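Trainee: Pasting the sequence and the predicted model now:
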Amino acid sequence: RREERFGEETLEVTRHPHLKLPFRRYARVLYPYHPQEGNELFLEADDIIEVLEGEDGGWCLGYLRGRIGLFPSNYVRFISSSEVLALKAVGVHQTIEVRDTVPANGSV
């Protein structure tokens, strides 16, 4: 089943709480998205997601509001780290979380 496959992939990420990512990728949410499955993220316009896996044109794995989950890439625009800093400076409605590792409790 699809959710079991994605759930296993998500668990692989959370089993390594000290995993250091070589660089950070982000996406800004363009449209609200209400999850259809328990392993998907709830998105609001202007949220900033840290992208853990995936590219434009499919489903991505990301970190948002303390959760790791899937989100559709066609609901976001991928942005650079410098754009994230600029958005943070002008006060985008969502607090942009800065973290050093993948959270140990970030389950989906």
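Mentor: Arrived safely, thanks for sending.
Trainee: Leaving out the residues flanking it, which one is nearest to Phe71?
Mentor: Leu41 (4.7 Å; CB to CB, 6 or more residues apart in numbering). Where you see a C-beta, it was placed from the backbone N, CA and C, and this is true even at glycine.
Trainee: quick one: pLDDT of the one you found?
Mentor: You'll see Leu41 listed with a pLDDT of 97.
Trainee: Does it touch Pro72 like I think?
Mentor: No: Leu41 is beyond contact range of Pro72, at 9.6 Å (criterion: CB atoms under 8 Å).
Trainee: Those two: which is more packed in?
Mentor: The neighbour comparison of Leu41 against Pro72 (other CB atoms under 10 Å) goes to Leu41, with 23 against 17.
Trainee: what ranges do the helices span in the protein?
Mentor: 2-14, 81-90 (DSSP state H).
Trainee: Please point out the stretch among those with the lowest average pLDDT.
Mentor: helix 2-14 (a mean of 41).
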